[in-house]
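Visitor: sequence and predicted model, in that order:
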Amino acid sequence: MDIIDKRACILRTKKEIIEKLFDKKNSSPKYILGINTYCDTLLLYFSENQIEFSGIIDDYTAITVYKSIPVFKMREIMNKNSIIVSCVVDCRIQTALNNLKSNGFVMIVNYLELCLNDPALNQIHFCKNNINDIKENKNKYDWLFDLLEDDLSKKTLRDITDFRYNFNIDALKDILFDPDRQYFDSFVAFKESEVFVDCGGFNGNTTKMFILKNPNYKKIYYIEPASDYFHESIENLKDFDNIVFINKATYSKNTILKFKISGSDSSFSNAGEVTVETIRLDDVINEQVTYIKMDVEGAEYASLIGAERLIRQYKPKLAICVYHNQEDFWMIPELVLKYNKNYKVYLRHYTEGLLETVIYFL
């Protein structure tokens, strides 16, 4: 699989806009699109560089001021020569760009493209080691490419690698934002009496989708470490039977770890404000399981170590998120196939940005 360095070329296409953005004499209004952590990073970064913004654009909030900066709806920005920095990175990059273009804006640069201009800005979730890992482990990506079962998996790997290595936002322009298909794609076949393990259940919606598609399931193990989300899940799933609720985190061993509560991004962290108890799946499940889903914010590899017996003995279907750690793209297939070599491997991506890349073992 060819891995081509396009970063200098991509940066050249944005050179004029970036120069105007940093030109303190340039009179064009400057706006940030989207209130999120990247917006916070940019506000600090541009404050340190003495660059002032006219405002923030966000159609999905009711607030009118954010950190002393006025907040506008896109329709309120009348000057179409304004410079717009889009902080939409995680899920809907192309949708955000298309909305800006359809509203007449042309001076647009994405946060990822600014990271190419100044790597110090690269504080991107789940993308800290992307360039080094892809460069240093090209043979592993070649191995994964040859291993993948279908052409769409191979294309997905090419495109997502281009995106994560080059910050090439056009690499994913053919991928539709389709989170409802995640974990239940057309090639995932179900049978009667499924036993489902939902690792990182969050609010219970994935388990609800599983039940909708498998009303005759046998049993569900629902695992969520954050107490608030766990209790929300119990309420969300109260109308369904045969669910074992476990308020712990999956891991490679049974221990206590610090945990940071941050919505769906909640994860193990030395800066965590709470502690959670961790479990090995092999220690808590003593029956045949048929499907394991993992979205555990970077602890997937460790959680699979804790499920070695289940994978060796039962060969359950696996849907494992690999977007949290770049090396998971190849380390997780190596681990799973070490435990059970009889899997077919598929790769899919379900957003226009960084989130929701899933590797399937069937």
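Guide: Everything's here; your move. Because the structure is predicted, anything quoted here is derived from the model rather than measured. Residues are numbered from 1 along each chain as shown.

Visitor: so who does Ala171 touch?
Guide: Residues near Ala171 by CB atoms under 8 Å, 6 or more residues apart in numbering: 159-160, 162-163. The way it works is simple: take the backbone N, C-alpha and C, and place the C-beta from them, glycine included.

Visitor: any idea what Ile56 is bridged to?
Guide: Bridge pairing for Ile56 (DSSP bridges) gives the partners Ile32, Val71.

Visitor: for it, which residues are in contact?
Guide: Applying CB under 8 Å, 6+ apart to Ile56 gives the contacts 31-35, 39, 66, 69-72.

Visitor: go with 10 Å
Guide: Neighbour list for Ile56: 31-35, 39, 42-43, 63, 65-67, 69-72, 85, 87 [criterion: CB atoms under 10 Å, 6 or more residues apart in numbering].

Visitor: among the contacts of Ala171, which one has the most neighbours?
Guide: When neighbours are taken as other CB atoms under 10 Å, the top entry among the contacts of Ala171 is Phe163 (25 neighbours).

Visitor: for the closest residue to that one other than its chain neighbours, give its distance to Leu152.
Guide: With sequence-adjacent residues excluded and distances taken as CB to CB, 6 or more residues apart in numbering, Phe163 is closest to Ala171, at 4.1 Å. To Leu152, Ala171 is 15 Å away according to CB to CB, to the nearest Å.

Visitor: cool, and Gly204?
Guide: Counting by CB to CB, the separation of Gly204 from Leu152 is 29 Å.

Visitor: so which elements touch the lengthiest helix in the chain?
Guide: Counting by DSSP state H, the longest helix found in the chain is helix 151-166. When contacts are defined as 3 or more CB pairs under 10 Å, 6 or more residues apart in numbering; DSSP states H and E, helix 151-166 sits against helix 7-13, helix 111-117, helix 130-136, helix 138-147, helix 328-339, strand 345-349, strand 357-361.

Visitor: recalculate using a threshold of 6 Å.
Guide: Applying 3 or more CB pairs under 6 Å, 6 or more residues apart in numbering; DSSP states H and E, we find helix 151-166 packed against helix 130-136, strand 345-349.

Visitor: can you list the domains in this structure?
Guide: With automatic domain parsing as the criterion, the domains of the chain are listed as 7-121, 143-361.

Visitor: in the sheet, who's paired with the residue nearest to Met294 when sequence neighbours are not counted?
Guide: Nearest non-adjacent residue to Met294, counting by CB to CB, 6+ apart: Cys199, 4.4 Å away. On the basis of DSSP bridges, Cys199 is bridged to Ile223, Met294.

Visitor: show the contacting residues for Cys199.
Guide: Cys199 makes contacts with 223, 250, 294, 296, as judged by CB atoms under 6 Å, 6 or more residues apart in numbering.

Visitor: follow-up on the earlier one: now the contacts of Ala171 as a markdown table including pLDDT and distance to Ile359?
Guide: Compiled in a markdown table, these are given as follows (pLDDT from 0 to 100; distance: CB to CB, whole Å):
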| residue | pLDDT | distance to Ile359 |
| --- | --- | --- |
| Asp159 | 96 | 15 |
| Ile160 | 96 | 11 |
| Asp162 | 96 | 18 |
| Phe163 | 95 | 16 |
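
Visitor: make CSV from those residues and add distance to Ala120 to it.
Guide: Output for these, formatted as CSV (distance: CB to CB, whole Å):
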residue, distance to Ala120
Asp159, 27
Ile160, 24
Asp162, 23
Phe163, 21
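
Visitor: could you identify the most distant pair in the residues you listed?
Guide: Ile160 and Asp162 (7.3 Å; CB to CB).

Visitor: related to what we said a few turns ago, so for Ile211, which of the helices and strands packed on helix 151-166 sits nearest?
Guide: Ile211 lies closest to strand 345-349 among those, at 21.6 Å (CB to CB).

Visitor: so what strands line up beside the closest one?
Guide: As defined by DSSP bridges, the strand partners of strand 345-349 come to strand 357-361 (antiparallel).

Visitor: the helices and strands packed on helix 151-166: which one's closest to Ala96?
Guide: Closest to Ala96 of the helices and strands packed on helix 151-166 is strand 345-349 (CB to CB; 17.4 Å).

Visitor: that closest one to helix 328-339, inter-axis angle?
Guide: With axes from the mean of the first three to the mean of the last three CA atoms, to 10 degrees applied, the angle from strand 345-349 to helix 328-339 works out at 160 degrees.

Visitor: tell me the gap between strand 345-349 and the middle of its chain.
Guide: 14 Å (CA atoms, centre = their mean, to the nearest Å).

Visitor: what's the answer for stretch 341-349, then?
Guide: 19 Å.

Visitor: could you pull out the buried residues of that stretch?
Guide: 343, 345-349 (16 or more other CB atoms under 10 Å).

Visitor: got those residues as TSV, with pLDDT and distance to Glu16 columns?
Guide: Below are the buried residues of stretch 341-349 laid out as TSV (pLDDT from 0 to 100; distance: CB to CB, whole Å):
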residue	pLDDT	distance to Glu16
Tyr343	98	49
Val345	98	43
Tyr346	98	41
Leu347	98	36
Arg348	97	36
His349	96	31
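
Visitor: of these, closest to Ala307?
Guide: Nearest to Ala307 among the buried residues of stretch 341-349: Tyr343, at 13.6 Å, using CB to CB.

Visitor: pLDDT below threshold where in the stretch 1-150 of the chain?
Guide: Nowhere does the stretch 1-150 of the chain drop to pLDDT under 70.

Visitor: hang on, isn't Tyr165 packed against Ile134?
Guide: Yes - if you go by CB atoms under 6 Å, Tyr165 and Ile134 touch, sitting 4.7 Å apart.

Visitor: look up phi and psi at the residue nearest to Phe163.
Guide: Phi and psi for Ala171, reported as degrees, to the nearest 10, are phi -60, psi -30.
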